[in-house]
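Enquirer: no sequence on this one, just coordinates:
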């Protein structure tokens with residue numbers, strides 16, 4: 001049986017002959033990032049054979065038949081990950097679901113949750129009533145600690161969603177969780193990480209977790225299933241039926257959340273299988289149901305959720321954009337962390353410039369940088385409207401710009417540095433991702449009987465969307481040119497909307513009614529979607 005030594009850390013395991021490096025790593029208690037769920041397509045599970053100077057291989061495909069040393073990098077480190085924690089908040093009516101009364105005679109404090117007695121505590125603890133909202137994104141997590149007595153945010157912390165190391169997108173996680181063991185693994189991943197974040201927040205603010213009585217989970221429908229250990233397989237097959245509808249509370253202790261023994265988890269109502277509680281939070285905090293005119297709300301990520309308000313009447317849809325916006329399935333793609341190109345420009349002479357996160361040397365391209373890069377290449381004629389690179393001998397572009405065009409594995413590529421580049425296949429990934437979102441927008445507009453020219457306002461939500469520039473969005477064709485000057489970036493409305501659910505229990509009842517009246521458009525059932533999608537692939 002082969003003996004595998006993992007470095008750094010000198011962890012040693014013995015495996016069956018023919019096992020993969022991924023399987024050996026699991027035995028060693030190590031997690032190697034496998035966004036494509038070990039399908040060999042994302043090429044993110046690279047490791048080195050030997051002490052760090054040996055051959056680079058894919059851990060999911062490399063079989064072990066003899067003793068070997070494997071060097072891996074700690075891709076789970078998220079200290080440099082750039083995550084947007086703030087967003088539109090607005091004024092909030094302070095009316096939390098948690099309250100307390102102190103009895104001097106018995107020297108005890110009674111805790112009430114949703115108007116019912118939940119438990120009692122010794123002494124006067126009436127001055128300590130705290131809650132947490134967790135934005136459970138497919139890629140990232142943001143947790144915010146809130147004082148429920150005055151509504152102030154005491155602190156926030158962000159992390160990489162550990163599930164992303166096992167399966168990158170929603171469909172991959174549904175597949176991973178089709179067995180009870182897989183579901184248990186993904187649930188434990190998220191609960192352990194949330195508990196770690198709770199601990200960090202408590203330490204920062206010198207408080208005790210037992211004074212946290214409610215935690216709001218604001219995330220997409222699949223994430224709520226996985227965070228509560230609920231079977232998500234119905235989301236992956238027609239008729240795409242969720243086992244969670246939200247608008248309800250569950251025991252935090254039952255789910256292993258380390259807050260008050262009688263604390264609860266509140267799940268905001270979901271719109272549909274693929275328009276989840278994070279979008280409900282966005283609708284709430286943007287007051288989309290109360291805005292006059294035609295307003296488009298877009299949350300751009302691995303899933304592209306779109307909500308259209310036509311004088312307060314809401315219609316929604318969702319498209320599977322895939323992981324390209326997160327830098328996955330891109331040759332030099334990476335998450336928004338140190339070394340990632342996040343801004344890219346080409347000047348009139350054809351010279352390029354860029355900004356990296358952390359102001360370090362470029363090591364890859366994150367989602368916002370990818371949009372900038374492709375948008376600039378389209379705008380300066382390096383990419384045609386169909387997405388093809390122009391010939392290097394073309395007279396349509398400057399000699400300065402031509403010097404960045406080369407080949408990679410026999411195909412045309414645009415080189416930012418000798419190690420950071422964009423290939424033709426990468427461009428196709430961007431086209432597929434942005435085409436899916438744009439097609440969803442067009443289908444929703446058509447369903448509502450309006451065009452993009454009729455839009456009064458476009459609201460872009462989400463951490464990824466916050467990093468985008470309007471010109472890049474338009475250049476790649478994600479949104480039509482007509483929206484220029486009418487676009488606002490709202491930031492992390494999943495978190496800020498979740499905070500409003502935490503602080504104002506009346507919003508829970510009102511949003512149940514709002515969600516129940518959203519007109520949900522299932523694109524899979526719409527005639528002509530394939531044609532619209534094909535038309536949206538061009539730049």
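Expert: Nice, I can see it. As the structure is a prediction and not an experimental result, all values here were calculated from the model. Residues are numbered from 1 along each chain as shown.

Enquirer: show me the shaky parts of the protein.
Expert: Along the chain, segments meeting pLDDT under 70 span 34-37, 39-44, 51-53, 73-90, 463-467.

Enquirer: where do the domain boundaries of it fall?
Expert: Following automatic domain parsing, one gets these domains for the chain: 3-71, 98-279.

Enquirer: now do the longest one: distance to the chain's middle.
Expert: Read that as domain 98-279. Mean-position distance between domain 98-279 and its chain equals 17 Å (C-alpha atoms, centre = their mean, to the nearest Å).

Enquirer: quick one: end-to-end distance for that domain.
Expert: This stretch, domain 98-279, spans 24 Å end to end (C-alpha to C-alpha, to the nearest Å).

Enquirer: returning to what we had before: among the domains of the chain, which is nearest residue 363?
Expert: Nearest to residue 363, of all the domains of the chain, is domain 3-71, at 13.3 Å by C-beta to C-beta. Heads up, the C-betas are built off the backbone N, CA and C, glycines and all.

Enquirer: can you give the distance from that closest one to the centre of its chain?
Expert: 27 Å.

Enquirer: that older thread, could you dump the domains of the chain to TSV with distance to residue 510 and mean neighbour count?
Expert: What follows is the domains of the chain, written out as TSV (distance: least, C-beta to C-beta, whole Å; neighbours: other C-beta atoms under 10 Å):
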stretch	distance to residue 510	mean neighbour count
domain 3-71	38	17
domain 98-279	10	20
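
Enquirer: got CSV for these, with distance to residue 290 too?
Expert: CSV is the format used below for the domains of the chain (distance: least, C-beta to C-beta, whole Å):
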stretch, distance to residue 290
domain 3-71, 39
domain 98-279, 16
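
Enquirer: which helix or which strand is home to residue 494?
Expert: helix 493-503 (DSSP states H and E).

Enquirer: list the helices and strands that helix packs on?
Expert: In terms of contacts (3 or more C-beta pairs under 8 Å, 6 or more residues apart in numbering; DSSP states H and E), helix 493-503 is packed against strand 130-136, strand 140-147, strand 212-219, helix 277-286, helix 506-516.

Enquirer: switch those over to JSON lines; also include distance to residue 440.
Expert: Formatted as JSON lines, the helices and strands packed on helix 493-503 follow (distance: least, C-beta to C-beta, whole Å):
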{"stretch": "strand 130-136", "distance to residue 440": "22"}
{"stretch": "strand 140-147", "distance to residue 440": "22"}
{"stretch": "strand 212-219", "distance to residue 440": "20"}
{"stretch": "helix 277-286", "distance to residue 440": "13"}
{"stretch": "helix 506-516", "distance to residue 440": "19"}
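
Enquirer: looking at these, spot the one closest to residue 452.
Expert: helix 277-286 (19.2 Å).

Enquirer: quick one: contacts of stretch 354-370?
Expert: 80, 82, 324-327, 330, 332-345, 373, 416-417, 419-420, 422, 426, 430, 464, 467-469, 472 (C-beta atoms under 8 Å, 6 or more residues apart in numbering).

Enquirer: work out the gap between that stretch and the centre of the chain.
Expert: 19 Å.

Enquirer: mind checking the end-to-end distance for that stretch?
Expert: So stretch 354-370: terminal residues 11 Å apart, C-alpha to C-alpha.

Enquirer: swap in stretch 336-348?
Expert: 28 Å.

Enquirer: quick one: buried residues of that stretch?
Expert: Buried residues in stretch 336-348, counted by 16 or more other C-beta atoms under 10 Å: 336, 337, 338, 339, 340, 341, 342, 343, 344, 346.

Enquirer: out of these, the closest to residue 184 would be?
Expert: Of all these, residue 184 sits closest to residue 337, with 28.9 Å by C-beta to C-beta.

Enquirer: now that closest one, what's its secondary structure?
Expert: coil (DSSP: H, G, I helix; E, B strand; the rest coil).
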